[in-house]
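> no sequence on hand, only this structure:
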Ligand SMILES: NC(=O)c1ccc[n+]([C@@H]2O[C@H](COP(=O)([O-])OP(=O)(O)OC[C@H]3O[C@@H](n4cnc5c(N)ncnc54)[C@H](OP(=O)(O)O)[C@@H]3O)[C@@H](O)[C@H]2O)c1
């Protein structure tokens, strides 16, 4: 078991939801954190609240898809704290809509944020971890990285790909003492749904023959709300991964996430497809 005290951790997507809760929890545990997201006001307010003296929290506003912003985040965190011990790759969002109707540039944008930029940032951080023979990468995946659903499969495919990258990285970095793990949240009450609505503007309105099914999609989201977890449910798993000597390859939570993943393992494909089918 390791302690968080003194560790230097970069957290992306820290301006709300899971990233913000993770920042709160890690700072409470004694970690020093470099926080990133585009909304500078939110990030700076969080940094001031968590660390009025400005010695433990560094806010580096930027867009994860921008190479210069990624470099600034890593350089500024190293510059302030002298090293990096971990990276929590959390920034992400979902694009919704029938595959037929989603413009390819919006699909690319979703992959750019959730996958390619995550890989690029990991590439920047890894040399520091590898050379010191120590460190931890925590990728925030999703139950959607195992179970793809109609009208959500653009986002779901970004998280499926993240599963593969995480597994590959884990094997590549094991000889160098760098730990890599994936967290699969279920449905968590954050700004995720609002961000997905914003990212899907224009697609949903022009869904043509798929339009009658969109209501059913909403209803299933509303049902999920009743069993939703809190951002801190996931922050707790991040803390567990960062403090483990030998973290599990994957963590999932809250309880409903474990149930869905168990059903994915248990049921034949057709039964699972029936469960997530389009409904009017
Ligand atoms: N909520 C869920 O039910 C759920 C379930 C499974 C997995 N997840 C995953 O959990 C992670 C966090 O999501 P959340 O639920 O906490 O949603 P959220 O409240 O919307 O947080 C998303 C975070 O990502 C940041 N972000 C998005 N695009 C960015 C960009 N281009 N550059 C920099 N930062 C960016 C946002 O900050 P700015 O807008 O300020 O840039 C925000 O801080 C995501 O990877 C998501 O896929 C969520």
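Perfect, thanks for sending it. Values in this document were obtained by computation on a predicted structure and should not be read as measured data. Residues are numbered from 1 along each chain as shown.
> what's the local residue count around the nearest residue to residue 276 once chain neighbours are set aside?
Counting by CB to CB, 6 or more residues apart in numbering, residue 276 lies nearest to residue 149, which is 4.6 Å off, once chain neighbours are set aside. Quick note: C-beta positions are derived from backbone N, CA and C, even for glycine. Residue 149 sits with 19 neighbouring residues when counted by other CB atoms under 10 Å.
> correct me if wrong: residue 235 contacts residue 18.
Yes - counting by CB atoms under 8 Å, residue 18 is a contact partner of residue 235 at 6.6 Å.
> neighbour-wise, which of these two wins?
Between residue 235 and residue 18, counting by other CB under 10 Å, residue 18 is the more crowded of the two (29 against 25).
> what is the mean pLDDT for the helix or strand where the more buried one lies?
According to DSSP states H and E, residue 18 maps onto helix 17-28. Averaging pLDDT along helix 17-28 yields 98.
> can you check stretch 65-73 too?
98.
> equivalent analysis for stretch 250-257, please.
In the prediction, stretch 250-257 has an average pLDDT of 98.
> can you tell me the SS state at the residue nearest to residue 276?
What DSSP: H, G, I helix; E, B strand; the rest coil gives for residue 149 is coil.
> quick check: it vs the ligand, distance?
Applying CB to the nearest ligand atom, to the nearest Å, the value for residue 149 to the ligand is 12 Å.
> hmm, who's touching the top helix by length along the chain?
The helix that spans the most residues within the chain, counting by DSSP state H, is helix 153-173. By CB atoms under 8 Å, 6 or more residues apart in numbering, the residues outside helix 153-173 that reach it are 92-97, 99, 102, 106-107, 110-111, 114-115, 118-119, 122, 126, 129-130, 137, 139, 141-142, 144-149, 179-182, 196, 249.
> buried subset of those residues, written for PyMOL?
In PyMOL, this line selects whichever of the contacts of helix 153-173 come out buried by 16 or more other CB atoms under 10 Å:
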select buried, resi 92+93+94+95+96+97+102+106+107+110+111+114+115+118+122+126+129+130+137+139+141+142+144+145+146+147+148+149+179+180+181+182+196
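> out of the contacts of helix 153-173, which sit inside helices?
Here DSSP H is the test, and the contacts of helix 153-173 give 106, 107, 110, 111, 118, 119, 122, 126, 129, 130, 196 as lying in helices.
> hang on, the earlier thing: what mean pLDDT does the longest helix of the chain get?
Over the span of helix 153-173, the pLDDT mean works out to 98.
> which ones are touching the closest residue to the ligand within the stretch 51-200 of the chain?
Using CB to the nearest ligand atom, residue 92 is the residue of the stretch 51-200 of the chain that sits closest to the ligand, at 2.6 Å. Residue 92 is in contact with 13, 113, 114, 118, 140, 158, counting by CB under 8 Å, 6+ apart.
> the ligand next: which of those residues are close?
Among the contacts of residue 92, the residues lying close to the ligand (CB under 6 Å from any ligand atom) are 13, 113, 140.
> okay, the last one: pLDDT?
Reading off the per-residue confidence, residue 140 sits at a pLDDT of 99.
> show me what contacts it?
Here residue 140 is in contact with 13, 18, 88, 89, 90, 92, 182, 183, 185, 234, 238 (criterion: CB under 8 Å, 6+ apart).
> between these, which sits nearest residue 208?
residue 92 (27.7 Å; CB to CB).
> lowest-pLDDT helix or strand in the protein?
Lowest on mean pLDDT, DSSP states H and E among the helices and strands of the chain sits helix 211-227, with a mean of 84.
> and that one, is it in reach of the ligand?
No - Helix 211-227 stays clear of the ligand (CB under 6 Å from any ligand atom), getting no nearer than 8.2 Å.
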